[in-house]
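In: what's the 3D shape of this:
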Amino acid sequence: MGVVAPVTGVIAAMIPVLVGVATEGLPPPFVTIGIGCALVAVVLVSRSHDPDDGPSGLPYGLLAGTAIGLFNVCVAQFGEGRVFGPFTIVRLAEVVFIGGLIVLARRPWRLERPLLAPVALVGVLDMAGNAFFIAATQVGRLDVAAVLSSLYPVTTVVLAIGLLRERVTASHALGIGLAALAVVLIAAGSAAAP
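Out: Alright, predicted model coming up:
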């Protein structure tokens, strides 16, 4: 986990940033600085300080980040105002893919009753996040939407600190601060853009 989360987050953000810059040009200066701060924040907040983290998952992190980044670039191509139709097709494709894996693996797939509500909540939140990302790419720049959505590890760390009373490391505190600065810079630069 120590290398997987930051690599996944940065690669997932960098692919849409590169595509956004290539197709829409460089963002305004404040936005560009904000994007840089956000990428550093993702790395700092996602870092694990556990020396017993086990083997490196770098290949999986690269693969996951590439898949998420390409997914974000693809959903940004949906026509303006079209969120739910294409999103429904994406989810149906996922059901077919996962269903195929279940059949091929021949493994038990049913959840225990106490897990049903939390898993359903995770599914609803995931779908809402994806739908809002699609909407964000339709009203703004792909690179900005991708970078802001890549800040999700900050929320995880803040919740862990608040709810689980986890200790804040110096890198986590710096990452949270940089994430806040990134959001302010991106918002200010986007508002000032013509």
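In: quick one: contacts of stretch 73-83?
Out: 15-16, 19, 86-87, 90, 130-131, 133-135, 137-138, 142, 145 (Cβ atoms under 8 Å, 6 or more residues apart in numbering). Bear in mind the C-beta positions are built from the backbone N, C-alpha and C, glycine included.
In: same deal with stretch 174-187?
Out: 30-31, 33-35, 37-38, 40-47, 144, 147-148, 151, 154, 157-158.
In: hey, C-alpha coordinates of it in PDB?
Out: C-alpha atoms of stretch 174-187 as PDB (Å, rounded to 0.1, in the frame of the first residue of the first chain):
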ATOM      1  CA  LEU A 174       1.900  19.100   4.800                       C
ATOM      2  CA  GLY A 175      -0.100  17.200   2.200                       C
ATOM      3  CA  ILE A 176      -3.400  18.400   3.700                       C
ATOM      4  CA  GLY A 177      -2.100  22.000   3.700                       C
ATOM      5  CA  LEU A 178      -0.900  21.700   0.100                       C
ATOM      6  CA  ALA A 179      -4.300  20.200  -0.900                       C
ATOM      7  CA  ALA A 180      -6.100  23.100   0.600                       C
ATOM      8  CA  LEU A 181      -3.800  25.500  -1.100                       C
ATOM      9  CA  ALA A 182      -4.200  23.700  -4.400                       C
ATOM     10  CA  VAL A 183      -8.000  24.000  -4.200                       C
ATOM     11  CA  VAL A 184      -7.800  27.700  -3.500                       C
ATOM     12  CA  LEU A 185      -5.300  28.300  -6.300                       C
ATOM     13  CA  ILE A 186      -7.300  26.300  -8.800                       C
ATOM     14  CA  ALA A 187     -10.600  28.000  -7.800                       C
END
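In: for it, buried residues please.
Out: Buried residues in stretch 174-187, counted by 16 or more other Cβ atoms under 10 Å: 175, 176, 178, 179, 182, 183, 185, 186.
In: with secondary structure and pLDDT added, can I get the residues you listed in CSV?
Out: Shown next, in CSV, are these (DSSP: H, G, I helix; E, B strand; the rest coil; pLDDT from 0 to 100):
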residue, secondary structure, pLDDT
175, helix, 83
176, helix, 83
178, helix, 86
179, helix, 84
182, helix, 85
183, helix, 82
185, helix, 84
186, helix, 82
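In: which stretches of this protein have low pLDDT?
Out: 1-3, 5, 48-56, 191-194 (pLDDT under 70).
In: longest helix of it?
Out: helix 113-139 (DSSP state H).
In: without its sequence neighbours, what residue ends up closest to the residue most central in space within the chain?
Out: Most central in the chain under Cα atoms, centre = their mean is residue 150, positioned 3.7 Å from the mean C-alpha point. Excluding the flanking residues, the one nearest residue 150 by Cβ to Cβ, 6 or more residues apart in numbering is residue 13, at 3.7 Å.
In: quick one: buried residues of whichever strand or helix holds residue 34?
Out: Using DSSP states H and E, residue 34 falls within helix 29-46. Residues 30-35, 37-46 are the ones in helix 29-46 that count as buried (16+ other Cβ under 10 Å).
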